[in-house]
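K.L.:
Return atomic coordinates for the entry below.
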Amino acid sequence: MSDLPVVVIGAGPQGLAAAAHLRERGLEPLVLESGSGPGAAVAEWGHVRLFSAWPELVDAAAVRLLEPTGWTAPASGYPTGARWIADYLAPLARALAPHVRYDARVVAVSRKGRDRLVDADRAAQPFTVHVVDAAGHESRLEARAVIDASGTWRRPGPAGADGVPALGERAAADRISYQVPDRATPERYAGRHTVVVGAGDSAFNAVHELVQIAEQHPGTRITWALRRVVSAGTFGGGAADELPERGALGQRAKKVVEAGVVELVTGFRTAEVRHADEGATLVGEDGRALAVADNIVVLTGFRPDLSFLSELRLDLDPTLEAPRRIAAEIDPNLHSCGSVRATGAADLAQPEPDLYLVGMKSYGRAPTFLALTGYEQVRSVVAALAGDHEAAARVELELPDTGVCGGAGVFDDPDSAAGAGSGCCAPAPLEIGRAPVDA
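P.N.:
Okay, the predicted model is just below:
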């Protein structure tokens, strides 16, 4: 199989970095991207500013590939997603152009002549990768190895607190968005009532964008619905976060809540979305109903698409859908104290030889993934594929501390004050003003 390429699924930051490392190691990459250009998922949140600085957003092998072309790595600042593409991902994709195919959606991966049940001579067979192009034509190509860097962007979590769309959520689709609003196009939200559902960095960004819209458009109302009680970790790690802009993001959200600009509802678990001509109403599992909203922004995390890997043998954590060896490190039910360790090829390897899940997809449903994590992953994985096991085992990254202490899964209990303090080192809940709800 030495003449076959290593197929990389996804031309996002980790997929393109993997291709750069493969080229540097003398291996042939083939990047298959379902979108029409590099960083297609990033482009959909291009208005959002990253909390990682430029030096943490570029991969070392990619830099070595780009510098001979006259490209210079941005030295400082915090780009938006759009600038990340324009100033880094697009130039990298151009440098890798012969190895990148766009409008190429992977619909299945298997082994040549072997379905999931067959053991005989399995590892000696190449992978078969089934691809559908923009015109709907399907083709099959062979690969010596597969690096799945397809991410999780296409599978956002629903509003329903039980992990499936709430009753009426699909019917109210015209009033629901699963992306961070953009202040540059405020028409949908200006002068209207928006409910944000979810916690974490995406929700912080959504609140920030909506507050900017409200400042320019009187009558704009913002309600923020949290499933959990408010604790010291709800708004991030603040000054204790070793990524200062990440810490600042949560603190901005906290300030607008405390100032009454944003109405906060806590312990609210959505069971139903009631849709009428005048708007949509979120109803909680306890029967509480929020005020009628013109728009609902749902930011409850993401989950991996494993459907096209169904004929391969995977060893994934049953809770997170992440590689089992890294699950305990990233499971928010256990802890989010300090920093997680960097992960490499040994952590990401699957029972299917030469198959690796990297990037956001490697974290399954878990939050807090950083570009730095993905770059270290692909460095190690490509070293393993090249037979450099010493480099694959070496750890070349220490991840920054989050400044948050306490399991998010514990905080998600809206009724138990004791429970919110029973994580690895979690403080007691805090009281912050709540929005009125109808019984």
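
K.L.:
does residue 117 count as helix, strand or coil?
P.N.:
Following DSSP: H, G, I helix; E, B strand; the rest coil, residue 117 is assigned to coil.

K.L.:
OK, contacts around it?
P.N.:
By CB atoms under 8 Å, 6 or more residues apart in numbering, the contact set of residue 117 is empty. (Glycine included, C-beta is placed from N, CA and C.)

K.L.:
per-residue pLDDT, it?
P.N.:
Each residue has a pLDDT score; the one for residue 117 is 96.

K.L.:
ok, now how distant is it from residue 354?
P.N.:
Between residue 117 and residue 354 the distance is 19 Å, computed by CB to CB, to the nearest Å.

K.L.:
per the record, what domains does the protein have?
P.N.:
Per the record's domain assignment (automatic domain parsing), the chain is made up of the domains 6-154+302-393, 173-300+405-420.

K.L.:
Mind putting these into TSV with distance to residue 166?
P.N.:
Conversion of those to TSV gives the following (distance: least, CB to CB, whole Å):
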stretch	distance to residue 166
domain 6-154+302-393	16
domain 173-300+405-420	5
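
K.L.:
Would you single out the least confident of those?
P.N.:
Looking at the domains of the chain, the bottom one is domain 173-300+405-420 with a mean of 87.

K.L.:
Surely residue 109 and residue 307 touch.
P.N.:
No. Proximity of residue 109 to residue 307 does not meet the contact threshold set by CB atoms under 8 Å, at 10.6 Å.

K.L.:
between those two, which one's more packed in?
P.N.:
A count of neighbours by other CB atoms under 10 Å puts residue 109 above the other of residue 109 and residue 307, at 22 against 9.

K.L.:
That one sits in which helix or strand?
P.N.:
Per DSSP states H and E, residue 109 falls inside strand 104-111.

K.L.:
what residues are up against the residue of the chain most remote from its centre?
P.N.:
The centre of the chain is farthest from one residue, residue 120, which by CA atoms, centre = their mean lies 36.9 Å away. Each residue near residue 120 by CB under 8 Å, 6+ apart is listed here: residue 114.

K.L.:
Would you mind measuring from it to residue 114?
P.N.:
With distances taken as CB to CB, residue 120 is found 8 Å from residue 114.

K.L.:
again, but for residue 364
P.N.:
As it turns out, when the distance is counted by CB to CB, residue 364 lies 26 Å from residue 114.

K.L.:
Of the two, which one has the most company?
P.N.:
residue 364 (24 against 17).

K.L.:
my guess is the more buried one meets residue 303, correct?
P.N.:
Yes. The criterion here is CB under 8 Å, and residue 364 meets it with residue 303 at 7.1 Å.

K.L.:
can you list residues touching both of these two?
P.N.:
By the contact definition CB under 8 Å, 6+ apart, residue 364 and residue 303 are jointly contacted by residue 321.

K.L.:
and residue 74, what does it touch?
P.N.:
Residue 74 makes contact with 54, 58, 87, 88 under the criterion CB under 8 Å, 6+ apart.

K.L.:
let's see 10 Å
P.N.:
Going by CB atoms under 10 Å, 6 or more residues apart in numbering, residue 74 touches 53, 54, 55, 57, 58, 83, 84, 87, 88.

K.L.:
what about the fourth one, neighbour count?
P.N.:
Here the neighbour count serves as a burial measure; for residue 57 (other CB under 10 Å) it reads 22.

K.L.:
quick one: the closest residue to it other than its chain neighbours from residue 256, how far?
P.N.:
Of all residues beyond its chain neighbours, the one nearest residue 57 is residue 371 (5.3 Å), with distances taken as CB to CB, 6 or more residues apart in numbering. In this structure, residue 371 lies at 27 Å from residue 256, with CB to CB as the measure.

K.L.:
that older thread, for the residue nearest to residue 57, grab the count of nearby residues.
P.N.:
When counting by other CB under 10 Å, one arrives at 20 neighbours for residue 371.

K.L.:
do residue 319 as well
P.N.:
Counted with other CB under 10 Å, the burial measure for residue 319 works out to 15 neighbours.

K.L.:
How about the secondary structure of it?
P.N.:
Applying three-state DSSP: residue 319 is coil.

K.L.:
can I assume it is in contact with residue 333?
P.N.:
Yes. Here residue 319 reaches residue 333: they are 7.2 Å apart, a contact under CB atoms under 10 Å.

K.L.:
Around residue 98, how many other residues sit close by?
P.N.:
A count of nearby residues for residue 98, using other CB under 10 Å, gives 10.

K.L.:
did I read that right, it in a helix?
P.N.:
Yes. Note on residue 98: a helix contains this position according to three-state DSSP.

K.L.:
Could you check how far it is from residue 127?
P.N.:
With distances taken as CB to CB, residue 98 is found 21 Å from residue 127.

K.L.:
now swap in residue 340 and tell me
P.N.:
The separation that residue 340 has from residue 127, given CB to CB, amounts to 30 Å.

K.L.:
those helices in the protein, which residues are they?
P.N.:
Assigned by DSSP state H, the chain shows helices spanning 13-24, 40-44, 60-66, 81-84, 90-95, 201-216, 244-258, 324-330, 345-348, 371-385, 389-393, 408-411, 417-420.

K.L.:
Comparing these, which comes out most buried?
P.N.:
Between the helices of the chain, helix 13-24 has the highest mean count of neighbours, a mean of 28, where neighbours are mean count of other CB atoms under 10 Å.

K.L.:
Summarise which helices and strands it is packed against.
P.N.:
The contact analysis (3 or more CB pairs under 10 Å, 6 or more residues apart in numbering; DSSP states H and E) places helix 13-24 against strand 6-9, strand 29-32, helix 60-66, helix 90-95, strand 100-101, strand 145-148, helix 371-385.

K.L.:
That one: how far from the chain's middle?
P.N.:
Taking CA atoms, centre = their mean, to the nearest Å, the mean C-alpha location of helix 13-24 is offset from the chain mean by 19 Å.

K.L.:
do stretch 98-111 as well
P.N.:
Computed by CA atoms, centre = their mean, the chain-centroid distance of stretch 98-111 equals 21 Å.

K.L.:
So which bits of that stretch are buried?
P.N.:
99, 100, 101, 102, 103, 104, 105, 106, 108, 109, 110, 111 (16 or more other CB atoms under 10 Å).

K.L.:
do the same with stretch 141-159
P.N.:
If you call a residue buried by 16+ other CB under 10 Å, then stretch 141-159 has these buried ones: 141-153, 156-159.

K.L.:
what's the span of it, first residue to last?
P.N.:
Stretch 141-159 stretches 38 Å from its first residue to its last (CA to CA, to the nearest Å).

K.L.:
got it, and stretch 259-277?
P.N.:
With CA to CA, one end of stretch 259-277 sits 32 Å from the other.

K.L.:
now do stretch 173-184
P.N.:
From its first residue to its last, stretch 173-184 covers 22 Å (CA to CA).

K.L.:
Next: stretch 35-46.
P.N.:
One end of stretch 35-46 to the other measures 15 Å (CA to CA).
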